[in-house]
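[1] this one's structure only:
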């Protein structure tokens, strides 16, 4: 997740499925099987104030429904 963000502009966002697809490159079960791992990592990184979540330009306090991920400092 952090590597994907590092490859983007400071204010860019990524979709959690992008992270799952990266994890599943060599996984025959596919990217959907990786989503629980991604969600767990998202929750941890939000709690540590490393990343921030948003949807349609609005900041989210926690993960719920659809969301995008960005670096925390870009949301300030």
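    That came in fine, so what should we check first? Everything quoted here is computed from the prediction, not taken from an experiment. Numbers count the residues shown, from 1 in each chain.
[2] how far is the helix ranked longest in the chain from where the chain is centred?
    When the chain is parsed with DSSP state H, its longest helix is helix 35-47. Relative to the chain's own centre, helix 35-47 is displaced by 8 Å; criterion: Cα atoms, centre = their mean, to the nearest Å.
[3] which positions in it come out as buried?
    By 16 or more other Cβ atoms under 10 Å, the buried positions in helix 35-47 come out as 35, 38, 41, 42, 45, 46. Yep, even glycine has a C-beta here, placed from its N, CA and C like the rest.
[4] rebuild those as CSV, extending it with pLDDT and distance to residue 24.
    Output for those, formatted as CSV (pLDDT from 0 to 100; distance: Cβ to Cβ, whole Å):
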residue, pLDDT, distance to residue 24
35, 96, 10
38, 97, 10
41, 97, 14
42, 98, 16
45, 97, 19
46, 97, 22
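[5] could I get those residues as TSV with distance to residue 14?
    TSV is the format used below for these (distance: Cβ to Cβ, whole Å):
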residue	distance to residue 14
35	14
38	10
41	12
42	11
45	12
46	14
